[in-house]
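# I would like the atomic coordinates for the input below:
(one chain, ligands or ions: 1)
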Amino acid sequence: MKNVKYNENYSYEDVEAICKFLLEKSHYRPKIGIICGSGLSNLADILQEQEVIAYSDIPNFPTCTVQGHRACLVFGILNDKPVICMQGRFHKYEGYSTSKVALPARLMYLLGVEIMIVTNAAGGINSDYDPGNIMIIKDHINFPGMAGGSVLRGPNDERFGPRFPTMNNVYNDKLRELVKVAAKNCGISNIREGVYCFLGGPSFETVAELRFLKAAGVDAVGMSTVPEVVAAGHCGLKVCGLSLISNKAIMDYDTDDKPNHEEVLDTGKTSCANIQSLVSDLLRLIEV
Ligand SMILES: O=P(O)(O)O[C@@H]1C[C@H](O)[C@@H](CO)O1
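Okay, here's the model as predicted:
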């Protein structure tokens, strides 16, 4: 068990101090930020002229407790654009405070990032989805948020954003269109677009829960991303969300199949090249 601090609150000044540390360490001033999901840390491997900083070397920065999250922050160049890439996120189910889960988005905002590309591994609920498919997130259902567990719960610091931010078009429509163009350019034919549902985890869903989500219009289910997206929308970042369908959700009682984290990580390995080329071409297309 790592010696992890779970409950610290990250005030504006705390995020600012981390930002200042990074700006002193790196000459990069990225306008695009990437968060790598489970098993997707190798997305950062495509950055050139890398400056890698371990989370453990950043004062007052959280660590990752989940396998498949490398816990490094990578600055570099992708298709001539400076980028910051976080190899590992902080999930609510790890026991972290809401402000810690919001930290990646808020840090990117203070660093001057304008576009946040957020990735995750997710279970495919839509019966047309197969492991290895990439789903462009069109919208989300924030189950914990709908029940009072929003990442924005608590006193609002107006320096990050307003008390009542809109989430309309939070998954920016222009970026979604660019991903489709990039997919075509890369020969990725099985690109999907759908609704991602955030659940608290860490247990995988029951068959009854999955059937409920399917009836509610959910295409893919996961345990992350939405808190970061809500925090990003709060501070006015444009967001592009990509789910790698790592496994098919098991909606049947008559099977011994079970979802598991190893399968999630394995799909990350086998689909890495596709995600890398997609994100790389997306960056070429983005104008910032
Ligand atoms: O960080 P992400 O959402 O990519 O990770 C998913 C959700 C759980 O953390 C884990 C389950 O295997 O993968």
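# so what's Val195 bridging to?
Asp139 (DSSP bridges).
# show me what contacts it?
Ile137, Lys138, Asp139, His140, Ile141, Gly217, Val218, Asp219, Ala220 (Cβ atoms under 8 Å, 6 or more residues apart in numbering). For every residue, glycine as well, the C-beta is placed using N, CA and C.
# between the residues you listed, which sits nearest the ligand?
Distance to the ligand across these (Cβ to the nearest ligand atom) is lowest for Ala220, with 10.4 Å.
# leaving out the residues flanking it, which one is nearest to the closest one?
Ala122 (4.0 Å; Cβ to Cβ, 6 or more residues apart in numbering).
# identify the bridge partners of the one you found.
Assigned bridge partners for Ala122, using DSSP bridges, are Ile245.
# just the pLDDT for it.
At Ala122, the model reports a pLDDT of 98.
# how far away is it from the ligand?
7 Å (Cβ to the nearest ligand atom, to the nearest Å).
# residues contacting the residue nearest the centre of the chain?
Computing the C-alpha centroid of the chain and ranking residues by Cα atoms, centre = their mean puts Val118 first, at 3.5 Å. Taking Cβ under 8 Å, 6+ apart, we find Val118 in contact with Ile34, Ile35, Gly37, Thr225, Glu228, Val229, Ala232, Val239, Cys240, Gly241, Leu242.
# name the element the first one belongs to?
If I follow you right, that is Ile34. strand 32-35 (DSSP states H and E).
# can you count the residues close to whichever residue of the stretch 1-150 of the chain sits closest to the ligand?
Of all residues in the stretch 1-150 of the chain, Gly37 sits closest to the ligand, at 2.7 Å by Cβ to the nearest ligand atom. Using other Cβ atoms under 10 Å, Gly37 has 26 neighbouring residues.
# C-terminal to the helix or strand bottoming out on mean pLDDT in the chain, what's the next element?
Each helix and strand of the chain was given a mean pLDDT (mean pLDDT, DSSP states H and E); the minimum falls on helix 98-101 at a mean of 92. Downstream of helix 98-101, the first helix or strand assigned by DSSP H and E is helix 103-111.
# so that following helix, near the ligand or not?
No. On the criterion Cβ under 6 Å from any ligand atom, helix 103-111 is out of touch with the ligand, staying 11.3 Å away.
# just use 328 as the starting number from now, easier for me
Taking 328 as the first residue, the last one we looked at is helix 430-438.
# so what does that helix touch, helix or strand wise?
helix 339-352, strand 359-362, strand 408-414, helix 553-561 (3 or more Cβ pairs under 8 Å, 6 or more residues apart in numbering; DSSP states H and E).
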